[in-house]
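In: Would you be able to build a 3D model of this:
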Amino acid sequence: MGGRRKKEEAWKREIKEFKRNWKKLTEGWFGYIFYAILGIVLALIVNQSLAFALSTDLPVVAVVTSSMQHDDPKVIEMNHYRWLEKKFGYNRSYIDSWPLPNGFSVGDLPVVQGADDYEVGDVIVYSIPGQKVPIIHRIIRKNPDGTFMTKGDRNPDMLSFEYRVKKEQIHGKVIFVIPKLGYLRVAISRIFGV
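Out: Numbering: from 1, shown residues only. Prediction:
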């Protein structure tokens, strides 16, 4: 019985010592630094785990522009529906059948999954040479050579780099969007230009 009691007391002392050390570690300025480092480490672990699980090197991205935003019905009518009808003959029901028909907003956090094939209507994330921030736009046509045309739903026309997006440039397609969780990334992007 005596040995068991000594073990319990030793265990309680160790717990008390751990709590005292933890308190020292997490209070004041040192605590802020500690939690910031802990947050960064956890974010990296989660990001790498998602990258592995979703088969992409870029599993989450923050929306930093309004090119896919559907906040103004008149703008979407002109720049999305009518533009696609005029350029490609797509009808409204076909366009509305595409994934993410309501787009997304600045500060949203799309979750991206790698894929072997991409279809017209998929919202993809891809990189272009010389630009740090990836593009998040919709595939509007497959070219005969296997490249893709893309366009932001809100944009009045295609940008020069959107006519021939190669599969090698694509990180994956957006499978769902977490609203507003990307605002920290947007703030960092606007403050530091990263």
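
In: Regarding this protein, what is its longest helix?
Out: helix 28-54 (DSSP state H).

In: That one packs against which elements?
Out: helix 2-26, strand 109-113 (3 or more CB pairs under 8 Å, 6 or more residues apart in numbering; DSSP states H and E). Using the backbone N, CA and C atoms, a C-beta is placed for each residue, glycine as well.

In: ok, the residue nearest the centre of the chain to residue 55 distance?
Out: In the chain, the residue lying closest to the centroid (CA atoms, centre = their mean) is residue 61, at 2.1 Å. Taking CB to CB, to the nearest Å as the measure, residue 61 falls 15 Å from residue 55.

In: what is the mean pLDDT for the helix or strand that the longest helix of the chain is followed by?
Out: The first helix or strand that comes after helix 28-54 along the chain, using DSSP states H and E, is helix 73-76. Mean pLDDT, computed over helix 73-76, is 96.

In: With stretch 33-41 instead?
Out: Averaging pLDDT along stretch 33-41 gives 89.

In: Kindly format the C-alpha coordinates of it as CSV.
Out: C-alpha atoms of stretch 33-41 as CSV (Å, rounded to 0.1, in the frame of the first residue of the first chain):
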residue,chain,number,x,y,z
ILE,A,33,5.3,33.8,-29.2
PHE,A,34,4.8,30.2,-28.0
TYR,A,35,1.2,30.0,-29.1
ALA,A,36,2.0,31.7,-32.5
ILE,A,37,4.7,29.1,-33.1
LEU,A,38,2.3,26.3,-32.0
GLY,A,39,-0.4,27.6,-34.3
ILE,A,40,2.0,27.7,-37.3
VAL,A,41,3.2,24.2,-36.6
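
In: in the lowest-mean-pLDDT helix or strand in the chain, what's buried?
Out: Of all helical and strand segments in the chain, the minimum by mean pLDDT, DSSP states H and E falls on helix 183-192, at a mean of 79. Within helix 183-192, the residues that count as buried by 16 or more other CB atoms under 10 Å are 185, 186, 189.

In: And those residues, which is closest to residue 165?
Out: residue 189 (22.0 Å; CB to CB).

In: Tell me who's in contact with that closest one.
Out: 62, 64, 133 (CB atoms under 8 Å, 6 or more residues apart in numbering).

In: Determine the number of other residues adjacent to the first one.
Out: Using other CB atoms under 10 Å, residue 62 has 21 other residues around it.

In: OK, contacts around it?
Out: Contacts of residue 62 (CB under 8 Å, 6+ apart): 107, 108, 109, 182, 183, 184, 185, 186, 189.

In: For residue 153, see how far away it is.
Out: To residue 153, residue 62 is 18 Å away according to CB to CB.

In: What separation do you get for residue 12 and residue 20?
Out: 13 Å.
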